[in-house]
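Colleague: Structure here, sequence nowhere to be found:
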């Protein structure tokens, strides 16, 4: 090699070294984020996730990147979405509900997974115990299934003359729907009322479910906390109003648009906790060493205007217990 060519080669390499060093320094960890809903319907929850992440020292666009994956209510997409994140070699996967956590769990046994799940994480084999999760999963349990009996009781207190209660579930999410049905059925038996289970995984099936509810004279309705059903809340609330059906929901988003009553965990708190745990993992914590947190804040919201339209006198005790009464 000629001396001039050698000097040119060395000079080019020397110029490249600082660039490579800067690229290495600028590399940021990547979070995989999965949700069964859509970006538009959960924007305020994602913001709570980012606040939790920021509390742990990470801000999107500054020292961390986030790869978002949304199934838009189509649970069949989840395995492929989870596989994409695994191929992307993300540092951690944040999942928000039962279908996403099950898809992520099936896709990897090594990448840390932080969940916000409504089912019992021990019963469903996600963790060995709440205090010592073991494996690559930990997160927050929303206690949604555990609260199902309370929701049945609230409906019974709201409409004490009803001899039956309907439960609307999405059968394409069997892990969650089966647990919810079992919990609601047990509560209904204790109260001495019949439970009518209505399946719906499409808009047409939701319409048909309300027709069946009216034909069966099932009385009040409990709507399962499923992401697909949440995405169809406008349709469900409108149908409940059209058929004069008293309904109780898991999330306040239903009540704020005219639903009668909702009772469930504070979801911003759940998303915040998932974000905080995700940040801790990025700092070096191991999922096996982070205890599963449990939701501590639950909200009872009553829409007084809707109650009046339905001709329902909400018991004073329920009004007193409510965190918010929408006039």
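Modeller: Sure thing, it's come through. The structure displayed is predicted, hence computed values, not measured ones. Numbers count the residues shown, from 1 in each chain.
Colleague: buried set for stretch 266-282?
Modeller: Residues 266-282 are the ones in stretch 266-282 that count as buried (16 or more other CB atoms under 10 Å). Where C-beta positions appear, they are placed from N, C-alpha and C, glycine not excepted.
Colleague: now stretch 173-191: how far from the chain's centre is it?
Modeller: In terms of CA atoms, centre = their mean, to the nearest Å, the centre of stretch 173-191 is found 18 Å from the chain centre.
Colleague: low pLDDT regions in this protein?
Modeller: Low-confidence segments of the chain (pLDDT under 70): 1-26.
Colleague: can you pull out the helices in it?
Modeller: 3-26, 43-55, 78-87, 98-107, 148-158, 174-191, 203-216, 227-231, 233-242, 252-256, 267-282, 304-310, 316-321 (DSSP state H).
Colleague: Can I get those helices in JSON lines including distance to residue 61?
Modeller: Formatted as JSON lines, those follow (distance: least, CB to CB, whole Å):
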{"stretch": "helix 3-26", "distance to residue 61": "12"}
{"stretch": "helix 43-55", "distance to residue 61": "10"}
{"stretch": "helix 78-87", "distance to residue 61": "19"}
{"stretch": "helix 98-107", "distance to residue 61": "23"}
{"stretch": "helix 148-158", "distance to residue 61": "39"}
{"stretch": "helix 174-191", "distance to residue 61": "33"}
{"stretch": "helix 203-216", "distance to residue 61": "37"}
{"stretch": "helix 227-231", "distance to residue 61": "27"}
{"stretch": "helix 233-242", "distance to residue 61": "31"}
{"stretch": "helix 252-256", "distance to residue 61": "28"}
{"stretch": "helix 267-282", "distance to residue 61": "15"}
{"stretch": "helix 304-310", "distance to residue 61": "41"}
{"stretch": "helix 316-321", "distance to residue 61": "42"}
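Colleague: Minimum distance to residue 289: which of those has it?
Modeller: helix 267-282 (9.7 Å; CB to CB).
Colleague: Provide the contact partners of the closest one at residue level.
Modeller: By CB atoms under 8 Å, 6 or more residues apart in numbering, the residues outside helix 267-282 that reach it are 29, 31, 44-46, 48-58, 64, 91-92, 94, 96, 112, 114-116, 138-140, 142, 251, 287, 290, 293, 295-297.
Colleague: repeat that for 6 Å
Modeller: With contact meaning CB atoms under 6 Å, 6 or more residues apart in numbering, helix 267-282 is reached by 29, 45, 48-49, 51-53, 55-56, 58, 92, 94, 112, 114, 116, 140, 142, 293, 297.
Colleague: Among those residues, name the buried ones.
Modeller: 29, 45, 48-49, 52-53, 56, 58, 92, 94, 112, 114, 116, 140, 142, 293.
Colleague: Pull the most distant pair out of those.
Modeller: Comparing every pair within the buried ones among the contacts of helix 267-282 by CB to CB identifies 29 and 142 as the most remote, at 26.3 Å.
Colleague: check contacts around residue 247.
Modeller: Residues near residue 247 by CB under 6 Å, 6+ apart: 221, 240, 260.
Colleague: For residue 244, what are phi and psi?
Modeller: phi 50, psi 50 (degrees, to the nearest 10).
Colleague: Run a quick neighbour tally on it.
Modeller: Using other CB atoms under 10 Å, residue 244 has 11 other residues around it.
Colleague: try residue 40
Modeller: Using other CB under 10 Å: residue 40 sits among 9 other residues.
Colleague: do the same with residue 217
Modeller: Residue neighbour count, defined by other CB under 10 Å, stands at 11 for residue 217.
Colleague: if I look at it, how far off is residue 243?
Modeller: Taking CB to CB, to the nearest Å as the measure, residue 217 falls 11 Å from residue 243.
Colleague: try residue 206
Modeller: To residue 243, residue 206 is 12 Å away according to CB to CB.
Colleague: Among those two, which residue is more densely surrounded?
Modeller: residue 206 (21 against 13).
Colleague: contacting residues for the more buried one?
Modeller: Counted by CB under 6 Å, 6+ apart, residue 206 has contacts 200, 235.
Colleague: ok, 7 Å please
Modeller: Listed by CB atoms under 7 Å, 6 or more residues apart in numbering, the contact set of residue 206 reads 200, 232, 235-236, 239.
Colleague: Closest one to residue 315 out of those residues, please.
Modeller: Ranked by distance to residue 315 (CB to CB), the contacts of residue 206 are led by residue 236 at 24.0 Å.
Colleague: Surely that closest one is in contact with residue 224?
Modeller: No: between residue 236 and residue 224 there is no contact under CB atoms under 7 Å: 10.7 Å.
Colleague: what is residue 31 paired to in the beta sheet?
Modeller: Applying DSSP bridges to residue 31 gives these bridge partners: residue 66, residue 92.
Colleague: I'd like to know how many residues surround it.
Modeller: By other CB under 10 Å, neighbour count at residue 31 equals 26.
Colleague: With residue 185 instead?
Modeller: 17.
Colleague: residues in contact with it?
Modeller: Residue 185 is in contact with residue 195, counting by CB under 7 Å, 6+ apart.
Colleague: That's all I had, so thanks and see you.
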